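Student: Structure for this input, please:
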Amino acid sequence: MYKCLIRPVLFLFDPEGVHYFSFTAIRLLHRIPFMGLVFRTFFTYKVPTLEREVFGLQFPNPVGLAAGFDKDAKLYHELSNFGFGFIEIGTVTPKPQDGNPKPRLFRLKQDEGIINRMGFNNEGVVAAAKRLKKNKGVLIGGNIGKNKNTPNNQAQEDYLICFDTLFDVVDYFVVNVSSPNTPNLRDLQDKEPLTSLLNVLQKRNANKASRKPILLKIAPDLSNSQLDDIIDIVSDTQIDGVIATNTTLSRSELKSSTKLNDNAGGLSGKPLRRRSTEVISYLHTQSNAAFPIIGVGGIHTADDVQEKLAAGASLVQLYTGFVYEGPAIVKRINCAIK
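Tutor: Model prediction:
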């Protein structure tokens, strides 16, 4: 029903406007008595064979919602009713920021992809932490970044602020240095600054009463030598895992009009599937499976999930697939991979 009736109507309108409309609709529907139970009945699938223990956390199933959908932790409880095993909020920054000028979100319908140049628009880490204090039972990842106007040589302080503010209300952290939409952010993926940043976070983590897993989210546009550096960095800093991958700057082999695919920003969806799987496979093989990987990029079907798992992913996340395939996608995947 979603792909035949609902999606064609939604796709007539501005993508960012539809995103906020969808948020409002989901929230209003959940205010109807017992509607949360109805959603869980229709969209969740629970069997013991789907459960995963990864970096010390117990996941009810391996399919999560990627960061960027619920940036400000406004809808994590309602979204969990669509069957996700975990929800990643963010990217959040120390101070609120508007992000990049609109329009900044574009559908590539022929490619089943999305280009975004949102630019870490969020209400700030304090607002997200306040909402997460109300969490009851949803496994939450906290994706953290730096403010646009913070120079890279002061970025560590931004990440530490986000880390400390979210520490008591998330289950794991994701260090985002791979978004293409914040100027010079990807420079922090270089070996020296990235090692320094992760060591600082690990030191702060060790001083807590009980540490939290820290993951690194990387770009799909890294070369093999850069991926080798990532493997070394994970080993040297002893972080808990990697999320592969963020959005890509590549526009190769797209079917959509040049006018659309020439837009600046990160590309997600089906065009990213092959490259993200290649990165997962390379990291898994070259590291001798030394650390867990969350696979994300181009997941629209259960076969896409199986491909990521076979390449070495322990868990997966989706975002664009949720937009194109609709809310039943998680249950379809879990029923197929159980």
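Student: so which helix or strand takes in residue 215?
Tutor: Per DSSP states H and E: residue 215 is located in strand 214-218.
Student: ok, that strand: who's next to it in the sheet?
Tutor: Looking at strand 214-218 with DSSP bridges, its paired strands and their directions are strand 172-176 (parallel), strand 241-244 (parallel).
Student: Show me what that strand is in contact with.
Tutor: Counting by CB atoms under 8 Å, 6 or more residues apart in numbering, the neighbours of strand 214-218 from elsewhere in the structure are 55, 67, 141, 143, 172-178, 189, 194, 198, 201-202, 205, 227, 230, 233-234, 239-246, 279, 294. Using the backbone N, CA and C atoms, a C-beta is placed for each residue, glycine as well.
Student: How about the contacts made by the closest residue to residue 107 other than its chain neighbours?
Tutor: Distances taken as CB to CB, 6 or more residues apart in numbering put residue 15 closest to residue 107, at 5.4 Å, once the chain neighbours are dropped. Under the criterion of CB under 8 Å, 6+ apart, the contact partners of residue 15 comprise 105, 106, 107, 114.
Student: And the helices in the stretch 101-250 of the chain?
Tutor: Counting by DSSP state H, counting those that start in this stretch, residue ranges of the helices within the stretch 101-250 of the chain are 125-132, 155-166, 191-206, 224-237.
Student: Make a markdown table from the ones you listed and add mean pLDDT to it.
Tutor: Formatted as a markdown table, the entries for the helices of the stretch 101-250 of the chain read as follows, by pLDDT from 0 to 100:
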| stretch | mean pLDDT |
| --- | --- |
| helix 125-132 | 98 |
| helix 155-166 | 98 |
| helix 191-206 | 97 |
| helix 224-237 | 97 |
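Student: right, so of these, which gets closest to residue 319?
Tutor: Checking the helices of the stretch 101-250 of the chain against residue 319 by CB to CB gives helix 125-132 as the closest, at 17.7 Å.
Student: Dump the C-alpha coordinates for that closest one into PDB.
Tutor: Provided in PDB are the C-alpha atoms of helix 125-132 (Å, rounded to 0.1, in the frame of the first residue of the first chain):
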ATOM      1  CA  VAL A 125      22.900  18.300  22.400                       C
ATOM      2  CA  VAL A 126      21.300  19.600  25.600                       C
ATOM      3  CA  ALA A 127      17.800  19.500  24.100                       C
ATOM      4  CA  ALA A 128      18.400  15.900  22.800                       C
ATOM      5  CA  ALA A 129      19.600  14.700  26.200                       C
ATOM      6  CA  LYS A 130      16.600  16.100  27.900                       C
ATOM      7  CA  ARG A 131      14.300  14.200  25.600                       C
ATOM      8  CA  LEU A 132      16.300  11.000  26.000                       C
END
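Student: can you state the direction angle for that helix and helix 155-166?
Tutor: 20 degrees (axes from the mean of the first three to the mean of the last three CA atoms, to 10 degrees).
Student: which regions of the stretch 151-300 of the chain sit below the pLDDT cut-off?
Tutor: Per-residue confidence for the stretch 151-300 of the chain (pLDDT under 70) gives these ranges: 258, 260-261.
Student: Recalculate using a threshold of 90.
Tutor: Low-confidence segments of the stretch 151-300 of the chain, defined by pLDDT under 90, are located at 180-181, 183, 189, 252-253, 255-264.
Student: Looking at the strands paired with strand 214-218, spot the one closest to residue 211.
Tutor: The stretch from the strands paired with strand 214-218 with the least distance to residue 211 (CB to CB) is strand 172-176; that distance is 10.2 Å.
Student: Other residues contacting the closest one?
Tutor: Contact partners of strand 172-176, identified using CB under 8 Å, 6+ apart, comprise 55, 57, 67, 88, 90-91, 141-145, 159, 163, 166, 185, 197-198, 201, 212-217, 239-240, 243, 246.
Student: Much appreciated, bye for now.
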